[in-house]
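1. quick one, structure for this:
(one chain, ligands or ions: 1)
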Amino acid sequence: MPERIALIGAGRVGGHLGRRLHKAGWPIVQVYSRTPDKAKSLAAQLGAGYTDDLNAITPDADLYILAVSDDAIGEVTGALRLPPDKLVVHTSGATPSDELHNRFARYGVFYPLQTFSADREPDFSTIPICLFAADTAGYDLLERLARSLGSPFYAVDDRQRFVLHVAAVFVNNFTNHLYQVGEDIAHSEQLSFDLLRPLILETAQKIQTASPAAMQTGPAIRGDAATVERHLAYLAARPEYAELYRMLTKGIKGEMG
Ligand SMILES: NC(=O)c1ccc[n+]([C@@H]2O[C@H](COP(=O)([O-])OP(=O)(O)OC[C@H]3O[C@@H](n4cnc5c(N)ncnc54)[C@H](OP(=O)(O)O)[C@@H]3O)[C@@H](O)[C@H]2O)c1
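-> Next up, the predicted model:
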């Protein structure tokens, strides 16, 4: 019999991971969300029971997956009362497993290194899962879970996961912010962001097989100082963008620090 899972949190990760685990045949016995409608709606998709009361979380699951906001992990685990043989894992990149260690004998981390949005279906076969468990049986279970999703998986300790999360903020959140800046600049001159989309795609595609350091192009790496100055003159009216431009230009030229 596959181990039974209780899913704590019905946000983006809770929803996508829960549906994928359900599809892979894992019995999800209960969904918890502090928002009753979210718990009910996800539970209906997973054939699970649901609750919005931390005190009513079932003691009958084998694995408890916490998919709540990082800041809520401490509060939620503090309220959980579970038999000592239960495995409790969170899905956070930046949160140390210590937060669980202090409360549970068996604990771990199941961190999918991908960006999840409500309206985009993730392809778990491409998502690296960073695994950690304090005990061998716990790790074996997390490994079987990752395998059943068809995901590549890696044993990653707290420090490595934290470092990966820092790197992920640069390659995902900061890059996406720069897309937003580009969109704002284009729109401010009534130009469509669509004109920039193929460039974004090609930039992401070419670094799939090469180091980003080898793939850099543009005025900063070429040393086209006059072009850089004309860009900065254009951005004078947007000092926050000019500052970003200067800082990134220095980084590309290797002049930071
Ligand atoms: N999204 C990503 O790209 C991503 C990727 C990898 C890992 N993760 C990790 O996965 C975890 C969940 O992230 P997410 O993106 O799924 O977040 P999310 O969509 O914002 O959902 C967060 C969930 O936490 C619940 N929550 C927040 N504060 C709570 C509290 N005090 N008590 C009880 N429940 C609370 C929310 O409940 P309500 O809906 O009622 O507000 C919601 O169900 C985080 O640890 C995050 O670091 C996220």
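
2. isn't residue 157 right next to residue 132, touching?
-> Yes: using CB atoms under 8 Å, residue 157 is in contact with residue 132, at 6.2 Å. Using the backbone N, CA and C atoms, a C-beta is placed for each residue, glycine as well.

3. of those two, give the one with the bigger neighbour count.
-> Neighbour totals were compared for residue 157 and residue 132, and residue 132 leads with 22 against 13 (other CB atoms under 10 Å).

4. beta partners for that one?
-> Beta-bridge pairing for residue 132 (DSSP bridges): residue 109.

5. how far away is it from residue 200?
-> Between residue 132 and residue 200 the computed distance is 33 Å (CB to CB, to the nearest Å).

6. and for residue 100?
-> 38 Å.

7. so which of the two has more stuff around it?
-> residue 100 (24 against 14).

8. list the contacts for the more buried one?
-> Residues near residue 100 by CB atoms under 8 Å, 6 or more residues apart in numbering: 73, 77, 88-90, 107-108.

9. how about residue 10, what does it touch?
-> By CB under 8 Å, 6+ apart, residue 10 lies in contact with 18, 31-33, 35, 38-39, 41-42, 67.

10. if you set the cut-off to 6 Å instead, what comes out?
-> 31, 33, 38-39, 42 (CB atoms under 6 Å, 6 or more residues apart in numbering).

11. top of those by neighbour count?
-> Neighbour max across the contacts of residue 10 (other CB under 10 Å) = residue 31, 29 neighbours.

12. secondary structure class for that residue?
-> strand (DSSP: H, G, I helix; E, B strand; the rest coil).

13. quick check: closest non-adjacent residue to it.
-> Nearest residue to residue 31 in three dimensions, chain neighbours excluded: residue 43, at 4.2 Å (CB to CB, 6 or more residues apart in numbering).

14. can you tell me the helix or strand for that neighbour?
-> helix 36-46 (DSSP states H and E).

15. output that helix as CSV, nothing but the C-alphas.
-> The C-alpha coordinates for helix 36-46 follow below in CSV (Å, rounded to 0.1, in the frame of the first residue of the first chain):
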residue,chain,number,x,y,z
PRO,A,36,-12.0,26.7,3.8
ASP,A,37,-13.0,27.2,0.2
LYS,A,38,-9.4,26.5,-1.0
ALA,A,39,-9.2,23.4,1.1
LYS,A,40,-12.6,22.1,-0.1
SER,A,41,-11.8,22.9,-3.8
LEU,A,42,-8.4,21.2,-3.8
ALA,A,43,-9.6,18.2,-1.7
ALA,A,44,-12.5,17.7,-4.3
GLN,A,45,-9.9,17.4,-7.1
LEU,A,46,-7.8,14.9,-5.0
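
16. is there proximity between that helix and the ligand?
-> Yes: applying CB under 6 Å from any ligand atom, one finds helix 36-46 in contact with the ligand at residue 38.
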